[in-house]
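In: The sequence isn't on hand, but the structure is:
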Ligand code: NI
């Protein structure tokens, strides 16, 4: 399993709701957490490892004592608070970061890794942004879809050069 990067079409494809929280899904979740920590990143969606399932994992303080990975299955997000511009990057968008307009708060409802209902009220800005970014992923949306077409065009040009050089 490896991290898919733009312009891989799987990143543009909305993921399917999870029907069974079974052993296979537990395996996927464990793999995603491992890949997220190894990257390292603070969040990962299943599309990013090639699985079109509505699963996200996150940990804002990887490696910190007491910090545990969060898991949400079939997350539904409700945005709140104010709009804010913050710099974002993504494990699937090579060598780029840009300011993205997000909301300062979010409430996310879904299932935990055991299939039990879970609601996360994200009043912490970083968590709120992380959850918006990851739920975007399972809807087939990347942060570069939320910047101006001019900026996105410049990035695409630069990426072409980077990929040619490989
Ligand atoms: Ni991302």
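Out: Nice, thanks for sending it over. Remember, it's a predicted structure, so these values are computed and weren't measured experimentally.
In: can you give me the strands for this structure?
Out: 43-45, 55-58, 70-90, 93-111, 117-122 (DSSP state E).
In: Point to the residue nearest the middle of this protein.
Out: For the chain, the residue nearest the mean C-alpha position is residue 134 (2.6 Å; Cα atoms, centre = their mean).
In: burial of the closest residue to that one other than its chain neighbours, as a residue count?
Out: In space, and not counting its chain neighbours, residue 134 is closest to residue 56: 4.0 Å by Cβ to Cβ, 6 or more residues apart in numbering. For every residue, glycine as well, the C-beta is placed using N, CA and C. Residues lying near residue 56 (other Cβ atoms under 10 Å) number 31.
In: Let me see the confidence value for residue 56.
Out: With respect to pLDDT, residue 56 has a value of 98.
In: Surely it is in contact with residue 133?
Out: No - contact between residue 56 and residue 133 fails when scored by Cβ atoms under 8 Å: they sit 9.2 Å apart.
In: Spit out the residues that contact those two alike.
Out: residue 43 (Cβ atoms under 8 Å, 6 or more residues apart in numbering).
In: burial of the closest residue to residue 112 other than its chain neighbours, as a residue count?
Out: What sits nearest to residue 112 in space, not counting adjacent residues and going by Cβ to Cβ, 6+ apart, is residue 118, at 4.2 Å. Residue 118 has 17 neighbouring residues, counting by other Cβ under 10 Å.
In: Bridged to residue 118, which residues?
Out: Counting by DSSP bridges, residue 118 forms beta bridges with residue 110.
In: And it, what's its pLDDT?
Out: With respect to pLDDT, residue 118 has a value of 97.
In: Equivalent analysis for the one 5 residues further on, please.
Out: Confidence at residue 123, expressed as pLDDT, is 94.
In: was I right about it contacting residue 129?
Out: No - between residue 123 and residue 129 there is no contact under Cβ under 8 Å: 11.9 Å.
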